[in-house]
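1. okay, here's the prediction I keep looking at, along with the sequence it came from:
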Amino acid sequence: MAFKVLALLALAACPMVLAQQYGQYGHGQQVEQYVHEPHYSYEYAVHDEHTKDIHSQKESRKGDRTEGEYSLVEPDGTIRTVKYHVDGKSGFVAEVIRSGHAVHAPTVVAKPVVAYKPVVATYKPIVAAYKPVVAAYKPIVAAHPAATSYVQNGHFNHGVNHY
């Protein structure tokens, strides 16, 4: 009897232990955010004579201050360079510099060699109007003798009939 009471008390204590272990509402650890000072620098350039794609860019950042510049060749041949800086409080500040002389391609005006004249004066159909080649369909009526039918047993050349 004592064993039964002890087993019953042990089973009743299990949910209480689980509630204490997993059901606590408390102040957990407070993780401090690591605030780092961003620091990077990069640079690249493209110079493709085939496609006439010529541009470059470089930028560096230290903390809240970012500085950089990029340049590209415009379609008219001038070079546009943009120098910029971004500060934590001032925002994006850019200075645009154009250098070089604009060269525009000469305008080509196509002039017709000969004045327009219609190739065909008037429309004339090449094919004559449609005329049916074959006369209307006339069915051929032929009389066929009626087929005779008779019942025949499925077993041939057997001496015994199976019904």
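-> The structure has been received and is ready for your questions. Residues are numbered from 1 along each chain as shown.

2. going by C-alpha atoms from here, please, whenever you check contacts or count neighbours.
-> OK.

3. now the helices for the chain?
-> For the chain, the helices defined by DSSP state H cover 2-22.

4. least confident secondary structure element in it?
-> Among the helices and strands of the chain, helix 2-22 carries the lowest confidence by mean pLDDT, DSSP states H and E, at a mean of 67.

5. residue 32 and residue 73, how far apart?
-> Distance, residue 32 to residue 73, using C-alpha to C-alpha, to the nearest Å: 48 Å.

6. quick one: contacts for residue 97?
-> Neighbouring residues of residue 97 by C-alpha atoms under 8 Å, 6 or more residues apart in numbering: 80-82.

7. among those residues, which are located in strands?
-> Mapping the contacts of residue 97 onto strands (DSSP state E) picks out 80-82.

8. can you redo these as a markdown table with neighbour count and distance to residue 1?
-> Shown next, in a markdown table, are the ones in strands among the contacts of residue 97 (neighbours: other C-alpha atoms under 10 Å; distance: C-alpha to C-alpha, whole Å):
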| residue | neighbour count | distance to residue 1 |
| --- | --- | --- |
| 80 | 16 | 97 |
| 81 | 19 | 95 |
| 82 | 16 | 92 |
